[in-house]
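[1] Build me a structure from this.
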Amino acid sequence: MELQDSIRNLKGIGEQTEKLFARLGVRTIEDLLGLYPRTYDIYQPLEYVSQAREGKTMAVEVSLAAKPKLSRVRNLKMLHCVMRDSSGQLPVTWFNMPYLMRSLTMGRRYILRGKITVKNGRLQMQQPKILDRQEYANLLHKMQPIYPLTARLTNNMVVKAVTQALAETDLNGDFIPLEIRKKYQLIPHKTAIRDIHFPKNEQAFRQARDRLVFEEFFLFTLALHQMKQSKHRKQSLYAACPGEKTEALLQSLPYTLTDGQQKAWQDIIKDMESGYVMNRLIQGDVGSGKTIVSILALLTVVESGHQGAIMVPTEVLAEQHYATFCELLEPLGVRVGLLTGSMKAAQKRQMQTRMQQHEVDIIVGTHALIQEKAVYADLALVVTDEQHRFGVKQREGFYEKGKEPHMLVMSATPIPRTLAIILYGDLDVSLIDVLPKGRLPIKNCVVGTNYRKQAYRFMHQEVSAGHQVYVICPMVEESEEVEAENVVDYTEMLREHLPASVRMEYLHGRMRPAEKNEIMERFVAHEIDILVSTTVIEVGINVPNATVMMVENAERFGLAQLHQLRGRVGRGEAQSYCIFMTGNASQENRERLAVLEQTNDGFRVAEEDLKQRGPGDLFGIRQSGELDFKLADIYQDARILQQANEAASVFERAEVLELCQKYQGLRNRLARYSDEIFL
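    Got it, this is the predicted structure:
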């Protein structure tokens, strides 16, 4: 089979199963082999009951301490028993498995493997597997892949499909030259793909992951270097300098710019007056005031007779920005327009006509700004907000809408400066490192699940005071493989704990865009008090009235992502709070999360994340959405990022094109990051 063949070529995949895989973005054999396990189940040696800890998955050899009992709760049949070994006793519960009553007998020993949970203050094991000694010995230390799933798609179905694809697909081509593989001790691509899915041991997994992470970083930095070569010190058609309107805007603001904002603003003026094209990144923590700097830059090009545009990742944020821009700029005679994907066709056509005929000066929008029908009369400045939600490719597509326009990129992702220089290698960097005056620092706490009732009371108290609350869960729906809170069940559970007067909704990334927008707009309008969500709200929503952020299973997120999430609160004048609730209260988790209690400084959090998550970690805690990497994590894999950047920096354009002609699929993989090298 070829990499571009449909997964329908695999045995057992019919029309219905194909649709299930399509929900995960898997349509071809290449997509399937790129659906990497999100974790592995590793069978460890047997332990004693006394070693049980909340959140731990373990195996014990035990016998019945008393006869099993069967009970019924609603439609659920529950089998309860108490097991014991020489070190103590452990309650065990199975759901909807009443037939086990016949096979569990007194005096016989069983190997049980399952997750330890707490109920009514007591440790217990829920829904464990029962294995015999030989079966357990065969599984010991093996790494069983656990894949991302969707409803009705089981882990076993994915394992079978991947096994067949690996056996029947030609994976012999390797686009990373042999000298680079030798220099950085990388295994061949074919071996890496096989071992990331079915590693024989931890060492094989590490080598496979390192190779595939290197690939992702190599392709990304290769695209960046090609862009940098093509843009290096281009002459600008748009010299721009601040005028009377810019000065009037500064005078009308109810505050003065911070030192960081002033410095960034001066960097922009210097770039736009230099005669060369500006390519600048404004890196600033959540709430540091990047937006007003972008407004000043856009107003400057408008005063010089040109157009400007700003692209943001969500329609809700686009509408919020549009309202802000209108309020500040329309009194100065500046014409502001809005263009988003969900606008009616007639509205879009009208705005596109106004843009093309220069009847609008500044256009605020989403990806609609870079679609084919979006044509600008005289685009002198493009601004990309929340940069880590856009790939290099989208940034480049925006740039190509004008004739060498200035480019301003803004990012609130707290990336250590050493890594930012690589990740934004084609940009000059300005840093805004001071928050505006008057912002109250967010109060943070890291707690265990035993604090949940108090947290609910506090959330109700804040809602009663007229404020709003976010609750973040790591999952969309329940999963057999992962013990973690999911937004669907959690919302129902929360409704039982809080009065019916509390207005509550859930939000997740699998919803249709229109449905997501509608819920976010209702939250912005304070028609919802508590929003239970996945990390889909990490960027792209600004609700100053929200004062509480509670993150469930906080141990499952990276520190930088948790900091990004808490940036959704603390945006108004009221005191805000962030509760990080951990389902695994190990000492290691407590120490890692304690950084968030100690500081609200995103760059300090990022540096700590970089220190704590070295290459010794078995699994990276993915930073959601960051630059669209599948496996790579800029914190855990900082060393590999530096190596890949070094390797990619020596390639000339002709060499890149030669590689693309030689290796199947490489052109498509590179095009994910940028079309620049094919122009």
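[2] Let me see the confidence value for the spatially closest residue to K129 that is not a sequence neighbour.
    Leaving aside its sequence neighbours, K129 sits nearest to R113 (Cβ to Cβ, 6 or more residues apart in numbering; 5.1 Å). To be clear about C-beta, it is placed using only N, CA and C from the backbone, and glycine gets the same treatment. With respect to pLDDT, R113 scores 96.
[3] Shouldn't R113 be within a helix?
    No - secondary structure assignment (DSSP: H, G, I helix; E, B strand; the rest coil) places R113 in strand, not in a helix.
[4] and it, what are its bridge partners?
    Beta-bridge pairing for R113 (DSSP bridges): A59, K129.
[5] what about it, neighbour count?
    Here the count is done by other Cβ atoms under 10 Å, and R113 has 19 residues near it.
[6] now D267
    D267, neighbours per other Cβ under 10 Å, totals 18.
[7] To which secondary structure element is it assigned?
    helix 259-273 (DSSP states H and E).
[8] ok, then the element right after that helix?
    strand 279-284.
[9] so what does the very next helix or strand once past that next one touch, helix or strand wise?
    Using DSSP H and E, the next helix or strand after strand 279-284 towards the C-terminus is helix 290-303. Applying 3 or more Cβ pairs under 8 Å, 6 or more residues apart in numbering; DSSP states H and E, one finds that helix 290-303 contacts helix 244-252, helix 259-273, strand 279-284, strand 307-311, helix 315-329, strand 362-365, strand 379-384, strand 406-411.
[10] which one of these lies closest to P436?
    helix 259-273 (8.1 Å; Cβ to Cβ).
[11] Between helix 290-303 and that closest one, find me the angle.
    Computed by axes from the mean of the first three to the mean of the last three Cα atoms, to 10 degrees, the angle separating helix 259-273 from helix 290-303 equals 30 degrees.
[12] where's helix 259-273 relative to the chain centroid, distance-wise?
    30 Å (Cα atoms, centre = their mean, to the nearest Å).
[13] same check, this time on stretch 348-365
    32 Å.
[14] List the buried residues for that stretch?
    348, 351-352, 354-355, 360-365 (16 or more other Cβ atoms under 10 Å).
[15] go on, stretch 509-522?
    Quick answer for stretch 509-522 (16+ other Cβ under 10 Å): 516-521.
[16] now it: mean pLDDT?
    Stretch 509-522 comes out at a mean pLDDT of 86.
[17] Now D31. Its backbone dihedrals?
    phi -60, psi -40 (degrees, to the nearest 10).
[18] can you put the helices and strands packed on helix 290-303 in a markdown table and add distance to Q636 and mean pLDDT?
    Shown next, in a markdown table, are these (distance: least, Cβ to Cβ, whole Å; pLDDT from 0 to 100):
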| stretch | distance to Q636 | mean pLDDT |
| --- | --- | --- |
| helix 244-252 | 42 | 94 |
| helix 259-273 | 29 | 94 |
| strand 279-284 | 21 | 88 |
| strand 307-311 | 30 | 96 |
| helix 315-329 | 29 | 91 |
| strand 362-365 | 35 | 96 |
| strand 379-384 | 26 | 94 |
| strand 406-411 | 20 | 90 |
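[19] among those, which is nearest A65?
    Of all those, helix 315-329 comes closest under Cβ to Cβ, at 55.7 Å.
[20] Now do the closest one against strand 307-311: the angle between them, please.
    140 degrees.
[21] List the buried residues for the one helix or strand D210 maps to?
    D210 belongs to helix 202-231 when assigned by DSSP H and E. Judged by neighbour count using 16+ other Cβ under 10 Å, the buried positions of helix 202-231 are 204-205, 207-227, 231.
[22] Ok, stretch 173-192 next?
    So, applying 16+ other Cβ under 10 Å, buried residues of stretch 173-192: 174-176, 180-181, 184, 186-189, 191-192.
[23] for stretch 375-382, same thing?
    376, 378-382.
[24] now stretch 50-65
    52, 54-56, 58-62, 64.
[25] in which helix or strand would I find Y456?
    Per DSSP H and E: helix 452-464 holds Y456.
[26] who touches that helix?
    Helix 452-464 has contacts (Cβ atoms under 8 Å, 6 or more residues apart in numbering) with 447, 468-469, 471, 494, 497-499, 502, 529-530, 547-548, 550, 577, 579, 581.
[27] Just to check, Y577 is in contact with V548?
    Yes - between Y577 and V548 there is a contact under Cβ atoms under 8 Å: 5.2 Å.
[28] Make sure S430 is indeed in a strand.
    Yes - read with three-state DSSP, S430 is one of the residues of a strand.
[29] how about the residue lying closest to it once chain neighbours are set aside, what does it touch?
    With sequence-adjacent residues excluded and distances taken as Cβ to Cβ, 6+ apart, S430 is closest to A264, at 4.2 Å. Contacts for A264 were tallied using Cβ under 8 Å, 6+ apart; they are 282, 284, 290, 293, 430-432.
[30] Now for the residues you listed: which two are most distant?
    Distances among the contacts of A264 were taken as Cβ to Cβ; the most separated pair is V293 and L431, at 11.9 Å.
[31] Looking at those two, which is more packed in?
    A count of neighbours by other Cβ under 10 Å puts V293 above the other of V293 and L431, at 26 against 18.
[32] any idea of the pLDDT on that one?
    On the pLDDT scale, V293 gets 96.
[33] follow-up on the earlier one: need the overlap of contacts for Y577 and V548.
    458, 462, 569.
[34] Which elements pack onto the next helix or strand after the helix holding Y456?
    For helix 452-464, the following helix or strand on the C-terminal side (DSSP H and E) is strand 468-472. Packing partners of strand 468-472 (3+ Cβ pairs under 8 Å, 6+ apart): helix 452-464, strand 530-533, strand 546-551.
[35] Mind checking those for the one nearest to L670?
    Closest among the helices and strands packed on strand 468-472, using Cβ to Cβ: strand 530-533, at 33.5 Å.
[36] can I get the helices and strands packed on helix 290-303 in CSV with distance to R395?
    Converted to CSV, the helices and strands packed on helix 290-303 look like this (distance: least, Cβ to Cβ, whole Å):
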stretch, distance to R395
helix 244-252, 25
helix 259-273, 17
strand 279-284, 10
strand 307-311, 9
helix 315-329, 17
strand 362-365, 15
strand 379-384, 6
strand 406-411, 7
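[37] List the buried residues of the helix holding D267.
    So, applying 16+ other Cβ under 10 Å, buried residues of helix 259-273: 260-261, 263-265, 267-269, 271-272.
[38] which of these lies closest to L408?
    Among the buried residues of helix 259-273, and counting by Cβ to Cβ, the member closest to L408 is I268, at 6.8 Å.
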